[in-house]
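[1] What follows is a predicted structure for the sequence shown.
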Amino acid sequence: MNNLQALLSQINIKDLIKFFNLQIAVAIFLIFFIFRGLFTKIILKIAYAITKKKKKVKESRLYKILNNFFIFLGLYCAIRMFDLSVKKMAIINTIFKIIGIIFATNMINLFITKDAKWFRKYFHNRKNDAVNNFMCKVIKTVIWMISGFIIIKEIGYDLTDLVALLGIGGVVISLAAQDTVKSLLSGVVILTDKPFDIGDYIEVGNYKGTVVDMTFKSIRIKAVDNSIITIPNATITTECVVNWNKLKSRRLDFVLNLSMNTTSEKIKNVVEKIKLILKNNPNVLPETVQVSLDEISSYSSDIKIFLYVNETEYIKFLNVKEKIYCDILELVERENIDLAYPTQTVYVKNASEGGEQKGEDS
């Protein structure tokens with residue numbers, strides 16, 4: 001009996017309590033770690049039952065986030081089993097709150113998509129998918145900014161001084177990155193105004209090509225030679241933009257120079273036949289066809305040809321134009337009419353004879 005009392009007197013009750021608390025803490029953490037998948041499934045199944053959704057739990061975007069959250073929750077519950085000071089416990093509580101805010105923000109952002117019902121009801125733009133993506137990014141950014149302010153407040157900083165500091169910093173950044181800010185604002189204007197879409201053939205200043213990509217900073221167009229041209233959005237909003245895909249028809253006009261040897265009868269005949277060829281072309285708008293003798297120069301009789309075609313896509317337009325040119329050239333060949341070309345007369349002085357020699361050069 002005396003030996004048992006001596007043994008008990010040697011045991012420190014506080015150390016024993018710490019040992020048991022450690023065992024309980026480890027057990028709590030292991031329970032949360034091992035059964036985190038089960039806890040996640042129960043919560044998601046309850047949520048699906050309330051919202052009447054039929055979906056596999058593991059396919060949910062929340063599954064991974066909730067899994068990780070239960071690990072941190074188990075760690076927090078395990079730490080609380082230790083007899084820590086008030087100051088240390090306050091720091092742990094703050095850290096856990098910050099982690100909880102980050103988890104909650106991630107969970108909220110998962111539901112901010114262009115296909116979500118609430119987004120389709122209040123923000124969805126049926127005509128411009130790029131605007132929908134932009135609005136989703138803006139909403140997510142605002143939510144993260146709000147979360148950031150909440151975290152800063154939890155840490156203990158005064159938000160009044162922070163807002164003033166952000167205002168000064170914003171002015172400095174805007175001055176240092178004027179071109180970038182201008183391009184970003186121009187990108188918003190382009191996405192909302194929508195002067196063109198991906199796949200449209202546009203002309204901006206000296207650049208022409210098919211739009212292959214659109215971002216908030218710039219657009220990329222693919223030129224006819226397959227080169228990729230990047231144009232800042234600020235340039236697009238200050239330049240005239242021609243969107244050839246918005247046209248219902250394209251204009252084509254050119255001059256056919258006939259030789260001066262062509263008789264008036266042949267000119268009248270070829271004019272009528274050109275009109276007939278053009279009006280029979282399925283890609284030509286017949287009411288727009290105008291063919292007439294426009295001018296008589298020193299070396300040619302000029303027939304002016306003017307029309308509109310219904311193909312607006314650039315490559316198809318080139319094919320139509322080629323067909324029209326070839327048909328007219330075949331007509332000229334059948335009618336045995338020579339095309340004119342500029343000529344000039346050159347006089348060469350013969351120094352030995354004191355005379356001049358006359359020659360013609362084309």
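    Received, thanks.

[2] how deep is I34 tucked in, by neighbour count?
    Applying other Cβ atoms under 10 Å, we find 10 residues neighbouring I34. Yep, even glycine has a C-beta here, placed from its N, CA and C like the rest.

[3] how far out from the middle of the chain is the helix or strand hosting T105?
    Secondary structure from DSSP states H and E places T105 in helix 86-110. Using Cα atoms, centre = their mean, to the nearest Å, the distance from the centre of helix 86-110 to the centre of the chain it belongs to is 35 Å.

[4] ok, and for it, which residues are buried?
    In terms of neighbour count (16 or more other Cβ atoms under 10 Å), helix 86-110 has its buried residues at 92, 96, 98-99, 101-103, 105-106, 109.

[5] next one: stretch 317-331
    Across stretch 317-331, burial judged by 16+ other Cβ under 10 Å covers 317, 320-321, 324, 328, 331.

[6] Point out the ones among those residues that are inside helices.
    Of the positions in the buried residues of stretch 317-331, 317, 320-321, 324, 328, 331 sit in helices, assigned by DSSP state H.

[7] Dump those residues to TSV, plus distance to A49 and pLDDT.
    Converted to TSV, those look like this (distance: Cβ to Cβ, whole Å; pLDDT from 0 to 100):
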residue	distance to A49	pLDDT
F317	59	88
V320	62	93
K321	65	94
I324	68	94
I328	75	93
L331	78	92
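
[8] and the closest residue to D327 other than its chain neighbours, how many neighbours?
    With sequence-adjacent residues excluded and distances taken as Cβ to Cβ, 6 or more residues apart in numbering, D327 is closest to I277, at 5.1 Å. The number of residues packed near I277 is 17, by other Cβ under 10 Å.

[9] Wasn't F306 part of a helix?
    No: if the criterion is DSSP: H, G, I helix; E, B strand; the rest coil, then F306 is strand and not within a helix.

[10] who does it bridge with?
    Beta-bridge partners recorded for F306 (DSSP bridges): D253, Q290.

[11] That one: how many residues sit nearby?
    By other Cβ under 10 Å, neighbour count at F306 equals 16.

[12] could you measure it against D197, distance?
    Here the criterion is Cβ to Cβ, to the nearest Å. By it, F306 lies 30 Å from D197.

[13] now do T113
    Separation of T113 from D197 (Cβ to Cβ) stands at 21 Å.

[14] re earlier: include distance to V271 when you put the buried residues of stretch 317-331 into JSON lines, please.
    Formatted as JSON lines, the buried residues of stretch 317-331 follow (distance: Cβ to Cβ, whole Å):
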{"residue": "F317", "distance to V271": "24"}
{"residue": "V320", "distance to V271": "21"}
{"residue": "K321", "distance to V271": "20"}
{"residue": "I324", "distance to V271": "15"}
{"residue": "I328", "distance to V271": "11"}
{"residue": "L331", "distance to V271": "11"}
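
[15] Which of those sits closest to L256?
    Among the buried residues of stretch 317-331, I328 lies closest to L256 (Cβ to Cβ), at 6.7 Å.

[16] Report the spatially nearest residue to the closest one, omitting neighbours in sequence.
    Nearest residue to I328 in three dimensions, chain neighbours excluded: I274, at 6.0 Å (Cβ to Cβ, 6+ apart).

[17] Now do the helices in the stretch 201-350 of the chain.
    All helices of the stretch 201-350 of the chain, identified by DSSP state H, counting those that start in this stretch, fall at 233-238, 264-279, 314-334.

[18] angle of the last one against helix 264-279?
    By that I understand helix 314-334. Taking axes from the mean of the first three to the mean of the last three Cα atoms, to 10 degrees, helix 314-334 and helix 264-279 form an angle of 150 degrees between their directions.

[19] Tell me which other helices or strands helix 314-334 touches.
    For helix 314-334, the packing partners by 3 or more Cβ pairs under 8 Å, 6 or more residues apart in numbering; DSSP states H and E come out as strand 250-259, helix 264-279, strand 300-309.

[20] these two touch, right, N261 and S301?
    No: using Cβ atoms under 8 Å, N261 is not in contact with S301; the gap is 9.6 Å.

[21] These two - which one has more neighbours?
    More crowded of N261 and S301, by other Cβ under 10 Å: S301, with 22 against 10.

[22] just checking, that one touches L256?
    No: using Cβ under 8 Å, S301 makes no contact with L256, being 9.1 Å away.

[23] Send me stretch 273-288 as CSV with only the CA atoms.
    Provided in CSV are the C-alpha atoms of stretch 273-288 (Å, rounded to 0.1, in the frame of the first residue of the first chain):
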residue,chain,number,x,y,z
LYS,A,273,-21.8,41.6,-123.6
ILE,A,274,-19.9,42.5,-120.4
LYS,A,275,-23.2,43.6,-118.9
LEU,A,276,-24.8,40.3,-119.9
ILE,A,277,-21.9,38.3,-118.4
LEU,A,278,-22.0,40.2,-115.1
LYS,A,279,-25.8,40.0,-114.7
ASN,A,280,-25.7,36.2,-115.3
ASN,A,281,-23.1,35.7,-112.6
PRO,A,282,-25.0,34.4,-109.4
ASN,A,283,-22.7,36.3,-107.1
VAL,A,284,-23.3,39.7,-108.8
LEU,A,285,-26.2,41.9,-107.8
PRO,A,286,-27.6,42.6,-111.3
GLU,A,287,-29.2,46.0,-110.4
THR,A,288,-25.8,47.4,-109.4
